[in-house]
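Colleague: this one's sequence-less:
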């Protein structure tokens, strides 16, 4: 079990009779890079939404570092470090790319307020 950071057993998501994800089993090795590939409509985004708890699985179990997180809330899962990103090109269009990256990094450190005070330009 120590070899796997994430284990998924029989993860299924059904929407009113339509099965978007069907009995997915995955073992994600610690320290390795993994990819989830497939054509449009294959359920890739739904899988990520299930793992990050944007959606609740209809069936199955999700283990993170050996702990069952299947019934945890999205905020609890995010605090564990399981998060997803969205394909947004600019969170704050009026800021430079570097400033956007600084905002994201400082948000995680809890220092974003200091950044805005020192630059006198709060986000809109």
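Modeller: Looks like it arrived, so ask away. In this text, all values refer to a predicted model and were calculated from it rather than measured experimentally.
Colleague: Show me which positions of the longest helix along the chain end up buried.
Modeller: Criterion DSSP state H: the longest helix present in the chain is helix 97-109. Using 16 or more other CB atoms under 10 Å as the burial criterion, the residues of helix 97-109 that qualify are 99-100, 102-103. (Glycine included, C-beta is placed from N, CA and C.)
Colleague: ok, the closest residue to residue 26 other than its chain neighbours - how many residues close by?
Modeller: Closest residue to residue 26 apart from its sequence neighbours, by CB to CB, 6 or more residues apart in numbering: residue 8 at 4.3 Å. As a burial measure, residue 8 scores 23 neighbours (other CB atoms under 10 Å).
Colleague: Please apply the same query to the one 4 residues further on.
Modeller: The criterion is other CB under 10 Å. On that basis, residue 12 has 15 neighbouring residues.
Colleague: check which helix or strand covers it.
Modeller: Of the helices and strands defined by DSSP states H and E, residue 12 is found in strand 4-15.
Colleague: Give me the packing partners of that strand, helices and strands only.
Modeller: Strand 4-15 sits against strand 18-29, helix 44-51, strand 59-64, with contacts defined as 3 or more CB pairs under 8 Å, 6 or more residues apart in numbering; DSSP states H and E.
Colleague: can you list the residues that contact the last one?
Modeller: Strand 59-64 is contacted from outside by 4-12, 23-24, 50-51, 68-70, 77, 80, 82, using CB atoms under 8 Å, 6 or more residues apart in numbering.
Colleague: Derive a ChimeraX selection command for the buried subset of the residues you listed.
Modeller: Here is the ChimeraX selection string for the buried members of the contacts of strand 59-64, based on 16+ other CB under 10 Å:
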select :4,5,6,7,8,9,11,24,50,51,69,70,77,82
